Structure formats: C-alpha cells, structure tokens
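*Asks:* Okay, here's the prediction I keep looking at, along with the sequence it came from:
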Amino acid sequence: MKPENIDLSPFYKFAGEHVAIGIHAIDTKGKTILYNKKMREIEGFDFEELVDRSLLEMFRFDQHESTLLQVLQSGTPVFNVKQTYWNRKGQEITTINDTYPVLDGKNLIGAIELSRDVTTLEKVIYQPLRKYDEPITFSTITALSKSMKKVIATAEKAATAKLPVLLVGESGTGKELIAEAIHWAHSSGRQMYTLYSHGTDGTIIEQLGEDSKQIGDGTIYCERIDLLPLSLQQQLLEMAEEGSRSNTYFIASVGDDPVELIASHKLLKDLYYFFSSMTIKVEPLRSRKEDILPFVYDYFSRHRMKVGSVVRGLDEEVADLLYTYDWPGNLKELELLLDETTSMLTTQEIVTADMLPNHFKLKSDLNGAHKPEDFIVQSNTDLLPLEDYLFEAEIYYLQKAMDLHGGNVTKAAAALGMSRQNLQYRLRKIKKNEAQT
Ligand SMILES: Nc1ncnc2c1ncn2[C@@H]1O[C@H](COP(=O)(O)OP(=O)(O)OP(=O)(O)O)[C@@H](O)[C@H]1O
C-alpha cells in the first residue's frame with residue numbers, strides 16, 4: 001500500500017497522547033475538543049471536566065485573559081508566553097506556551113495551545129543561584145521557635161547516625177534546606193543530588209540508579225515523593241535499596257501526613273518504611289511565628305552583605321503585619337515578599353508599610369478587610385452603585401475563601417465552584433484594581 005493510502009489519523013492520535021508537550025484545542029465556540037495526556041498532567045484537569053463547558057463559560061470574564069480565546073478572536077498566533085501557577089493538584093508549574101489559530105482553508109475552525117512544561121528545568125537552572133552562597137549548615141537555618149529547635153536537634157541526630165530521613169511539611173517550610181544541612185553535616189565535600197518528583201519519569205530514576213556507584217556515599221534528596229505515581233515510587237524504592245548498599249545516603253520529603261497519604265494511595269507503604277527511620281515534621285510558619293522576624297533580620301543582613309544595601313529593619317506597623325499574617329506559602333512566601341520589597345529600596349534603612357507590594361497589602365489586613373456589616377444596607381448611608389457593591393462583595397468573599405483554604409487557589413476555586421483560571425483571573429483583577437487606587 002502506498003503511504004498516501006494509509007489513514008494517518010490513528011498515528012496522529014497516538015502521537016498526540018504520547019508526546020511530551022501539552023496540547024489543548026478548542027473549536028470556534030470555545031469548546032474543548034482536544035486535551036492530551038501531557039496537558040492533563042500539567043493542569044490536573046480531566047478531558048471530561050472541560051469537554052462539556054465552553055471556555056467562555058469557564059472563564060466568565062474578559063476574554064483576553066485566555067490566550068486560546070484571544071487567538072480565536074484575533075486570528076494571530078501568540079508565542080513563548082511563560083506562566084507559573086499552582087495547578088489543580090496544588091503543584092507549582094511553569095510552562096511556556098505557543099498558541100495558534102487553526103484554519104481549514106480560509107475558515108477559522110478553532111485554536112490550539114502547545115505547552116512545554118519547564119518546571120523541573122527552571123528548578124535545575126536556578127539551583128546554582130541559591131540565596132545562600134556558602135554551604136548550608138544547621139546554623140544557616142532560622143530556628144528560634146521551640147518546634148524548629150526540635151527539628152534541628154532531630155536532624156543533627158539523623159546526620160550522626162546516618163539514618164534515612166523523611167521530612168514532612170507544607171511547601172516552603174524549609175525541607176530542602178534541612179536536607180542540605182543534614183547532607184553537609186555527614187558528608188561535607190560530597191555531592192547532594194536532588195530528584196524533583198514533578199515531571200520525573202522512570203529514566204531519571206534509572207539514571208540515578210546507574211550513577212549511584214559514582215555518587216557513592218553522597219546524598220540523594222527525593223523531593224515530594226508523594227507526587228510520584230505509585231509505579232515510579234516502586235522503582236524509586238528499588239533504586240534506594242540498591243543505592244543504600246553502595247552507602248548512598250537518602251533523604252525524602254512529603255507534603256502531608258504520611259499515614260493519610262498511604263491511606264489515600266498517594267504514598268507506597270514500603271517506600272515510607274524505607275525513609276521513616278527518622279520522620280521529622282516541619283511545622284508551618286503560622287504555628288511558629290517566633291521565627292518570622294528573626295528570618296527577616298537574617299535576610300536583611302545577607303542583603304547588606306550581598307548587594308551593599310543599608311536596610312536593617314522594619315517599622316512597628318510592618319513588623320505587626322508580618323507577625324499577624326498567616327503565611328500560607330510559609331518561608332518561601334516571606335522570602336519572595338522580601339525579595340520584592342528590597343528590590344525597590346535605594347537608601348532606606350527601615351521598611352515602612354508604603355514600601356510593601358500592593359498584593360501583599362491587599363491580602364494582609366493593611367487596607368482594612370471588609371467585615372460582614374459593611375454589606376448591610378443601612379438607611380443612613382449612601383447606597384453604592386450595584387457594580388461597586390458586587391465588586392466589594394466579591395473581594396470580601398474571595399479573600400475569605402482563600403484564607404479558609406490556606407491560600408491554595410485550587411482548593412478555594414473548587415469550593416467556590418469555579419475554575420482555577422477563573423479564580424486566578426479574579427484575584428489578579430482585584431490586585432490590579434488595588435494598585436490603581
Ligand atoms: N528556617 C529557615 N531558615 C532560613 N531560610 C529558610 C528557612 N526555611 C525556609 N527558608 C528559605 O525558604 C525557601 C523555601 O524553602 P525550601 O525550598 O527548603 O522549602 P520546601 O519545604 O523544600 O518547599 P517545597 O516542598 O515547595 O519544595 C528557601 O529559599 C529557603 O532558603
């Protein structure tokens with residue numbers, strides 16, 4: 001049979017499902033007609049969840065916000081749009097997207113988005129640009145609270161005994177930093193390799209297994225093993241058992257209570273047993289607020305040394321604000337806030353409230369969050385135009401939903417019965433509005 005007589009559609013279908021690029025296509029009404037396996041992995045949605053609803057329905061907002069819809073309207077492709085967001089499973093994802101209009105002859109029949117998942121790459125690239133220039137030791141870690149002192153004491157014991165460690169804690173609580181300190185304490189000079197679970201496939205684990213003879217008594221830190229599919233967890237377990245025979249030291253982390261993770265089939269029991277000779281729970285920052293201000297002062301001292309700035313403190317209002325805020329993103333969120341704030345400083349020594357970024361003022365209580373009584377219509381007050389009233393109510397309600405779900409957009413969106421993209425859009429609109437007022 002000549003090649004032109006072969007029906008190629010099964011081949012395209014197969015390629016679409018197996019290619020390492022996320023594909024999302026919509027028809028002219030905005031309905032999803034293609035949502036391949038990689039895209040499902042990236043965004044955490046199922047095809048069925050999208051197929052019945054048009055994007056116009058899902059994103060009931062300014063259509064420019066969705067590049068697919070934007071391209072559908074303009075008929076012009078958009079290239080290299082980089083996005084970082086938390087997907088439906090609560091994983092931080094970075095993608096680079098190209099979006100094209102699709103034509104049948106001269107007729108526009110839809111639009112297609114191709115997403116490259118660069119999450120792991122980003123982490124690997126930024127790894128050498130760490131905030132700490134010197135090796136991480138236990139003294140690098142801010143630990144003024146009782147719970148963090150206990151964490152450090154247990155971690156020191158684990159390093160001495162060279163027992164595998166399982167670090168348990170929310171994202172941004174400092175698990176990787178603790179893993180590095182443990183590694184440094186027992187094998188100074190040797191390499192620590194980090195296995196990032198997101199986007200990891202069997203070949204990376206296989207490669208690590210093959211390299212483990214070279215790694216020798218170095219360390220492999222397996223970050224967020226609960227995000228690995230169970231089949232890869234099994235492969236990791238075999239690799240770890242083999243590696244520990246060559247004296248390789250293993251540390252792992254999980255984002256939630258391991259017993260619950262096992263019960264919900266997200267963590268392999270045997271893998272847990274391998275790592276759990278020492279289980280160290282790192283509390284969220286909101287439960288150890290004594291660490292907030294010392295971390296800020298450590299950060300300022302590093303900032304002065306690194307970039308020669310003169311920043312040395314916070315005024316009372318800012319100190320109170322940082323102390324009362326809940327820090328759903330933990331020290332990572334605090335560190336990002338400090339990065340953003342200090343990047344705007346010139347000769348200022350003390351950080352005052354007006355120097356804080358608007359988005360932080362909005363989510364903390366600085367602008368006076370609305371209370372339920374603000375929404376009661378009283379005869380002695382002027383009525384707001386309906387649109388303003390609804391917008392105020394939306395701000396209040398969305399912020400409460402975000403607070404209730406510890407700042408997790410995916411969970412808050414699910415509770416509000418809207419898509420993650422819709423909620424993210426609305427939160428951005430609130431921030432934009434805040435910046436303009
Ligand atoms: N106790 C601490 N002292 C000093 N710096 C900290 C501390 N905890 C966290 N950090 C800083 O906060 C950032 C986030 O920490 P880290 O990456 O170790 O968190 P994590 O718990 O591993 O997060 P994830 O689960 O998302 O990987 C890092 O840049 C780290 O430098």
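*Replies:* Ah, there it is.
*Asks:* Tell me where the stretch 1-150 of the chain has helices.
*Replies:* All helices of the stretch 1-150 of the chain, identified by DSSP state H, counting those that start in this stretch, fall at 9-18, 37-43, 47-51, 55-58, 67-74, 119-126, 146-161.
*Asks:* who touches the residue of the chain found nearest the ligand in this structure?
*Replies:* Relative to the ligand, the nearest point of the chain is G174 (2.5 Å; CB to the nearest ligand atom). Every C-beta, even on glycine, is put in place using the N, C-alpha and C of the backbone. Neighbouring residues of G174 by CB atoms under 8 Å, 6 or more residues apart in numbering: I141, V282, N330, L331.
*Asks:* Could you tell me the least trusted of the helices of the stretch 1-150 of the chain?
*Replies:* When those are compared by mean pLDDT, helix 55-58 comes last with a mean of 47.
*Asks:* if we can go back for a sec, hey, which of the helices of the stretch 1-150 of the chain is tucked in deepest?
*Replies:* helix 37-43 (a mean of 21; mean count of other CB atoms under 10 Å).
*Asks:* got a list of contacts for that helix?
*Replies:* So helix 37-43 is contacted by 17-24, 46-47, 87-88, 93, 95, 115, 117 (CB under 8 Å, 6+ apart).
*Asks:* buried subset of the residues you listed?
*Replies:* I21, G22, I23, H24, N87, R88, I93, T95, S115, D117 (16 or more other CB atoms under 10 Å).
*Asks:* Next, give me the two most distant ones among the contacts of G174.
*Replies:* Spanning the widest gap among those are I141 and N330, at 13.4 Å by CB to CB.
*Asks:* ok, back up a step: can you put the helices of the stretch 1-150 of the chain in CSV and add distance to the ligand?
*Replies:* Below are the helices of the stretch 1-150 of the chain laid out as CSV (distance: least, CB to the nearest ligand atom, whole Å):
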stretch, distance to the ligand
helix 9-18, 29
helix 37-43, 17
helix 47-51, 26
helix 55-58, 28
helix 67-74, 27
helix 119-126, 9
helix 146-161, 6
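*Asks:* okay, the ones you listed in TSV with distance to R304 next?
*Replies:* Converted to TSV, the helices of the stretch 1-150 of the chain look like this (distance: least, CB to CB, whole Å):
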stretch	distance to R304
helix 9-18	52
helix 37-43	40
helix 47-51	50
helix 55-58	47
helix 67-74	42
helix 119-126	23
helix 146-161	24
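*Asks:* mind checking which of these is nearest D257?
*Replies:* Among the helices of the stretch 1-150 of the chain, helix 146-161 sits nearest to D257 (CB to CB), with 15.7 Å.
*Asks:* Show the secondary-structure elements that that closest one is packed against.
*Replies:* helix 175-187, strand 278-281 (3 or more CB pairs under 8 Å, 6 or more residues apart in numbering; DSSP states H and E).
*Asks:* Now tell me which of the ones you listed the model trusts least on average.
*Replies:* Checking each of these, the one with the poorest mean pLDDT is helix 175-187, at a mean of 90.
*Asks:* Quick one: residues in contact with the helix or strand following that one.
*Replies:* Later in the chain than helix 175-187, the nearest helix or strand by DSSP states H and E is strand 192-196. Applying CB under 8 Å, 6+ apart, the external contacts of strand 192-196 come out as 119-120, 123-124, 127, 176, 179-180, 183, 204-205, 208, 211, 215, 218-224, 236.
*Asks:* Pick the most deeply packed of the helices and strands packed on helix 146-161.
*Replies:* Highest mean neighbour count among the helices and strands packed on helix 146-161 (mean count of other CB under 10 Å): helix 175-187, with a mean of 22.
*Asks:* Dump that helix to CSV, restricted to CA.
*Replies:* Output of helix 175-187 as CSV, limited to C-alpha atoms (Å, rounded to 0.1, in the frame of the first residue of the first chain):
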residue,chain,number,x,y,z
LYS,A,175,12.5,21.0,54.0
GLU,A,176,15.1,21.2,51.2
LEU,A,177,17.3,23.5,53.3
ILE,A,178,17.2,21.0,56.2
ALA,A,179,18.0,18.2,53.8
GLU,A,180,21.1,20.1,52.7
ALA,A,181,22.2,20.8,56.2
ILE,A,182,21.9,17.1,57.1
HIS,A,183,23.8,16.2,54.0
TRP,A,184,26.6,18.8,54.8
ALA,A,185,26.8,17.6,58.4
HIS,A,186,27.7,14.0,57.5
SER,A,187,29.4,14.2,54.1
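*Asks:* helices and strands around it, which ones?
*Replies:* For helix 175-187, the packing partners by 3+ CB pairs under 8 Å, 6+ apart are helix 146-161, strand 165-168, strand 192-196, strand 219-223, strand 249-254.
*Asks:* what sits up against the first one?
*Replies:* Read that as helix 146-161. 138, 141-143, 165, 178, 181-183, 185-186, 278, 280-283, 287-288, 291.
*Asks:* Now do that helix against helix 175-187: the angle between them, please.
*Replies:* In terms of direction (axes from the mean of the first three to the mean of the last three CA atoms, to 10 degrees), helix 146-161 departs from helix 175-187 by 40 degrees.
*Asks:* go on, the third one?
*Replies:* If you take the same axes, to 10 degrees, strand 192-196 sits at 150 degrees to helix 175-187.
*Asks:* same for the ligand: which of the contacts of helix 146-161 are within range?
*Replies:* I141, T142, A143 (CB under 6 Å from any ligand atom).
*Asks:* If you tally nearby residues, what's the number for the nearest residue to the second one once chain neighbours are set aside?
*Replies:* Spelled out, that is T142. Counting by CB to CB, 6 or more residues apart in numbering, T142 lies nearest to F295, which is 4.3 Å off, once chain neighbours are set aside. Neighbour count of F295, defined by other CB atoms under 10 Å: 21.
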